[in-house]
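Enquirer: Got a predicted model here, sequence first, then my questions.
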Amino acid sequence: MPGPIDLHTHSSVSDGTETPTQLVRAAVAAGLGTMAITDHDSTAGWQEAIATASGTGLTIITGMELSTNYGPASVHVLAYLFDPLDPDVITETARIRDGRLHRAEKIVERIAADYDLTWDDVLAESSDGTTLGRPHIADALVRKGHVPNRSAAFESILHWRGGYYEKYYAPSPLEGVRMIVAAGGVPVLAHPATYGKYRPMDDSVIRKLTDEGLFGLEVGHRDNTEDGKARLLKLAKKLGLEITGSSDYHGAGKPNRLAENSTSPEVLEKLVARATGSQPAYS
Ligand code: AMP
Ligand code: FE
Ligand code: FE
Ligand code: ZN
């Protein structure tokens, strides 16, 4: 479909504030041609998104933002058009979501020693099966009046150096890329230059991921620094990686607006051609 291609969005299946139905309606209203639904570590929104998009002209690319750990750094891998019934994907994402749940409980326990906050407050900000994360704790903190919004929560209480932080289980980027490729999917490194000069992954590691089937780098993302984007563009050229651009829309949970960054039709075409696990849902 003509219209912008946005390959990174979140629904309330993870930490977006809109249900998959509301997310798709927002994408249609924004005039998108293609939208990927990429909730953290979950495919639970796929069916609802496809059903809602049916007949609207919006193409849905089914996807996920897979959590991985690279030493102390959390590295996000966008995974497109993989087989959602792949046993390894099912087992591994369930393990990550379970780890996130217990990790969130730990963080809340620590916060509760200093602030009026209960586990039930956090559960009230999510629904059954949601991939729980700090954004849901942030929403509970906002509701209790401890902070004005999510961003403020992340800059203080929920900051990784804020005194309450806890990590959660995730595979390595290499394991993640291998798993997605084995499931017929297409992996793209999400916002790989978020922290300016701080490089969680050296070029040599990205080269190794490329050998394992990494398809591209999400260069167009508001959190990538300008220096970082220039470095990524050079690296992509050197390694033969594709370039994507996306919004990372979270509804009201972040200022990011749909299609504020987008991907070229040529790159989308290559991505779709590479995938063997799922097909785009054209409508
Ligand atoms: P977690 O995976 O639970 O550690 O939480 C990280 C998630 O929080 C990411 O997926 C982001 O979407 C979200 N996030 C990070 N920083 C912010 C922020 N400043 N405002 C809103 N959401 C944020
Ligand atoms: Fe998120
Ligand atoms: Fe991310
Ligand atoms: Zn994201």
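Expert: Yes, it's here. Ligands and ions are numbered 1, 2, ... in the order given.

Enquirer: could you point out the longest helix in the chain?
Expert: Secondary structure of the chain per DSSP state H: the longest helix is helix 87-112.

Enquirer: Give the next helix or strand downstream of it.
Expert: Going down the chain from helix 87-112, the next helix or strand is helix 119-123, by DSSP states H and E.

Enquirer: hang on, the earlier thing: quick check: mean pLDDT across the longest helix of the chain?
Expert: Mean per-residue pLDDT for helix 87-112: 98.

Enquirer: same thing with stretch 14-22?
Expert: 98.

Enquirer: just stretch 275-283 next, same as before
Expert: Mean per-residue pLDDT for stretch 275-283: 97.

Enquirer: One more: stretch 177-196?
Expert: 94.

Enquirer: Only the buried residues of it, if you could.
Expert: Across stretch 177-196, burial judged by 16 or more other C-beta atoms under 10 Å covers 177-194. Heads up, the C-betas are built off the backbone N, CA and C, glycines and all.

Enquirer: counting contacts, what elements does the longest helix of the chain pack onto?
Expert: Here helix 87-112 is seen to pack against strand 59-70, helix 119-123, helix 134-143, helix 173-182 when contacts are counted using 3 or more C-beta pairs under 8 Å, 6 or more residues apart in numbering; DSSP states H and E.

Enquirer: what's the closest of those to ligand 4?
Expert: Among these, strand 59-70 comes nearest to ligand 4, with 4.7 Å by C-beta to the ion.

Enquirer: What are the buried residues along the next helix or strand after the closest one?
Expert: Following strand 59-70 in sequence order, the next helix or strand is strand 73-80 (DSSP H and E). Neighbour-count burial for strand 73-80 flags Val75, His76, Val77, Leu78, Ala79, Tyr80 (criterion: 16+ other C-beta under 10 Å).

Enquirer: Just send those back as a markdown table, with distance to ligand 4 and pLDDT too.
Expert: Formatted as a markdown table, the buried residues of strand 73-80 follow (distance: C-beta to the ion, whole Å; pLDDT from 0 to 100):
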| residue | distance to ligand 4 | pLDDT |
| --- | --- | --- |
| Val75 | 12 | 95 |
| His76 | 6 | 97 |
| Val77 | 11 | 98 |
| Leu78 | 8 | 98 |
| Ala79 | 12 | 99 |
| Tyr80 | 13 | 99 |
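
Enquirer: Of those residues, which are in range of ligand 3?
Expert: Residues of those in contact with ligand 3 (C-beta under 5 Å from the ion): His76.

Enquirer: Pull out the buried residues from stretch 226-246.
Expert: Across stretch 226-246, burial judged by 16+ other C-beta under 10 Å covers 228-229, 231-232, 235-236, 239, 241-246.

Enquirer: so, in contact with ligand 3 or not, that stretch?
Expert: No: shown here: stretch 226-246 not in contact with ligand 3 (C-beta under 5 Å from the ion), separated by at least 10.2 Å.
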